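*Asks:* give me the fold of what follows.
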Amino acid sequence: MNSPRRLDRIDIGILSQLQQNARITNAELARAVNLSPTPCFNRVRALEKLGLFKQQVTLLNPEPLGLRINVFIQVSLEKQVEDALRRFEQAIGERPEVMECYLMTGDADYLLRVVVPDMPTLERFILDQLTKIPGVSNIRSSFALKQVRYKTALPLPASGLTLIDPDDVATDWR
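*Replies:* Below is the predicted model:
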């Protein structure tokens, strides 16, 4: 195991700025965290090498694209065995309308967030796709009436943070 890396307030500032605007220029970023451009650039590269950046994306507004229905779907499987879980996750991974999918504890095995333009499209997704996945035993939907809060930025401390070595974190609980 490598010794843990400590991020200082400047590193945290860089991460916070980049979470808010991934298209910020290095000069703007350096100004925002009170560094000159070259050390700022070097810090960003070092943070990248630590594996802290998952990806950079542009978040689109679903409304103008006609994607008005945001639904949360709880799915239960007949048996929660490895093969059934893998099969379900593979099938869901191929569906573009599934924005998020979580393996859950509690009443349902999975929680999906699905975005579609209208009710007929949702009906087709449920009947033609979801119910056809082998092992699915129960489906329950809840519609979002209004999005009260949506964010993509992770909560970061104001001052410093010690990174956790990914090798020390269990990733497969099954």
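*Asks:* a helix runs through Gln147, doesn't it?
*Replies:* No. Using DSSP: H, G, I helix; E, B strand; the rest coil, the secondary structure at Gln147 is coil, not a helix.
*Asks:* distance-wise, check it relative to Phe125.
*Replies:* Gln147 sits 20 Å away from Phe125, going by CB to CB, to the nearest Å. In short, each C-beta sits where N, CA and C put it, glycine included.
*Asks:* out of those two, which sits in the busier spot?
*Replies:* Using other CB atoms under 10 Å, the more surrounded residue of Gln147 and Phe125 is Phe125, with 19 against 8.
*Asks:* A helix includes the more buried one, no?
*Replies:* Yes. Under three-state DSSP, Phe125 falls within a helix.
*Asks:* enumerate every residue touching the residue found closest to Thr131 once you drop the neighbours it is linked to in the chain.
*Replies:* Leaving aside its chain neighbours, Thr131 sits nearest to Ile139 (6.9 Å; criterion: CB to CB, 6 or more residues apart in numbering). By CB atoms under 8 Å, 6 or more residues apart in numbering, the residues touching Ile139 are Ile73, Gln74, Val75, Ser76, Ile126, Leu130, Thr131.
*Asks:* which one of these is nearest to Thr162?
*Replies:* Using CB to CB, Gln74 is the member of the contacts of Ile139 that lies nearest Thr162, at 36.3 Å.
*Asks:* how about the contacts made by that closest one?
*Replies:* Met104, Asp107, Ala108, Tyr110, Leu111, Leu112, Asn138, Ile139, Arg140, Ser141, Ser142.
*Asks:* check Tyr110 too.
*Replies:* Applying CB under 8 Å, 6+ apart, we find Tyr110 in contact with Gln74, Val75, Ser76, Leu77, Phe88, Ile92, Cys101, Tyr102, Leu103, Met104.
*Asks:* returning to what we had before: PyMOL command to pick out the buried ones of the contacts of Gln74?
*Replies:* To isolate the buried ones among these in PyMOL, judged by 16 or more other CB atoms under 10 Å, type:
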select buried, resi 108+110+111+112+139
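*Asks:* would you map out the domains in this structure?
*Replies:* According to automatic domain parsing, the chain comprises the domains 1-56, 69-143.
*Asks:* among those, show the one with the smallest mean pLDDT.
*Replies:* Of all the domains of the chain, mean pLDDT reaches its minimum on domain 1-56 (a mean of 93).
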